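Novice: Dropping the sequence and predicted coords here.
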Amino acid sequence: PLEHCRSKTVRIGVAQDQAFCFYYADNLELLEAGGGELVVFSPLHDAKLPDDLGMLYLGGGYPELHGPALAANRPMKSAIKQFGAQGGTIYAECGGMMYLTQGLRDCDGRLHEMVGLFPAEATMQRAKMTLGYRALEVTRSCVIGPTGLTARGHEFHYSTIAPKGPMAYACMLTDAEGESKGCDGMIASNTLGLYTHLHFGSQPACAAALVESARRTAQ
């Protein structure tokens, strides 16, 4: 049985540095419990991704404070874009999702080139855009699960996202009062980008689905 478990282990690259630092501990633990081996990497400082990954997890943080450095690390941006373009599983939340757009415009109006997996541009605002608990429903099957799956989390950001081409979305949101908060979850191949920070403890099937997708798409 132990050897069977080892054979099912898949390596998951977790972005961890000054720009990407927000993760629910439960999310990481549930990914490990499902067979994920977590491998830390830095989009700011590393020139390449770790070897033999099945998935990338890009959490929240402060990419807007590190726009020039993220933009300057072209080898890492290219590696992530290639990973996603070749069908690798990528799960990105808030700041991580912003990093996957074509560009991040800071509060001074300067545009910093990002990864470019999503045909969209992120723009920082000086005022808070949204804050609150969210209930999410998957409306289009994706890497966190099938249509109809529900989970909970929170949304908090100062940025907006403007599509620069055709976009597909996988989820719909409601707030704590049941009011619609529109769509979330940009998708491109096996990449999912959410503004919402999901708590996998509210729906462990999300973690299981991500690990299973990682096994299928391991590069």
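Specialist: That came through fine.
Novice: neighbours of residue 107, just the number please.
Specialist: The tally of other residues near residue 107 (other C-beta atoms under 10 Å) stands at 12. In this view, the C-beta of every residue, glycine as well, is placed from N, C-alpha and C.
Novice: what's the answer for residue 45, then?
Specialist: 12.
Novice: Residue 78 too?
Specialist: If you count neighbours by other C-beta under 10 Å, residue 78 ends up with 14.
Novice: That one looks like it's in a strand, true?
Specialist: No: Residue 78 sits outside any strand when classified using DSSP: H, G, I helix; E, B strand; the rest coil, being helix.
Novice: any idea how far residue 86 is from it?
Specialist: 12 Å (C-beta to C-beta, to the nearest Å).
Novice: Next, the most centrally placed residue in the chain: secondary structure please.
Specialist: Closest to where the C-alpha atoms of the chain average out (C-alpha atoms, centre = their mean) is residue 92, at 0.3 Å. Here residue 92 is strand, with the state taken from three-state DSSP.
Novice: For beta bridges, what are the partners of it?
Specialist: residue 58, residue 193 (DSSP bridges).
Novice: Was I right to think it contacts residue 193?
Specialist: Yes: in this structure, residue 92 is within contact of residue 193 by C-beta atoms under 8 Å, at 4.5 Å.
Novice: Can you list the buried residues in the helix or strand hosting residue 13?
Specialist: Assigning secondary structure by DSSP states H and E places residue 13 in strand 10-15. Neighbour counts over strand 10-15 (16 or more other C-beta atoms under 10 Å) mark 10, 11, 12, 13, 14, 15 as buried.
Novice: do stretch 24-37 as well
Specialist: For stretch 24-37, by 16+ other C-beta under 10 Å, it's 24, 27, 28, 30, 31, 34, 35, 36.
Novice: tell me the mean pLDDT over the one helix or strand the fifth one maps to?
Specialist: Right, the one you point to is residue 31. In the assignment (DSSP H and E), residue 31 maps to helix 25-33. The average pLDDT within helix 25-33 is 97.
Novice: same question, stretch 165-180
Specialist: pLDDT averaged over stretch 165-180 gives 88.
Novice: circling back: as CSV, the buried residues of strand 10-15 with pLDDT and distance to residue 54 would be great.
Specialist: Output for the buried residues of strand 10-15, formatted as CSV (pLDDT from 0 to 100; distance: C-beta to C-beta, whole Å):
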residue, pLDDT, distance to residue 54
10, 97, 4
11, 98, 6
12, 98, 6
13, 98, 9
14, 99, 12
15, 98, 15
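Novice: how big is the angle separating the helix or strand encompassing residue 212 from strand 10-15?
Specialist: In the assignment (DSSP H and E), residue 212 maps to helix 205-217. Relative orientation of helix 205-217 versus strand 10-15 (axes from the mean of the first three to the mean of the last three C-alpha atoms, to 10 degrees): 110 degrees.
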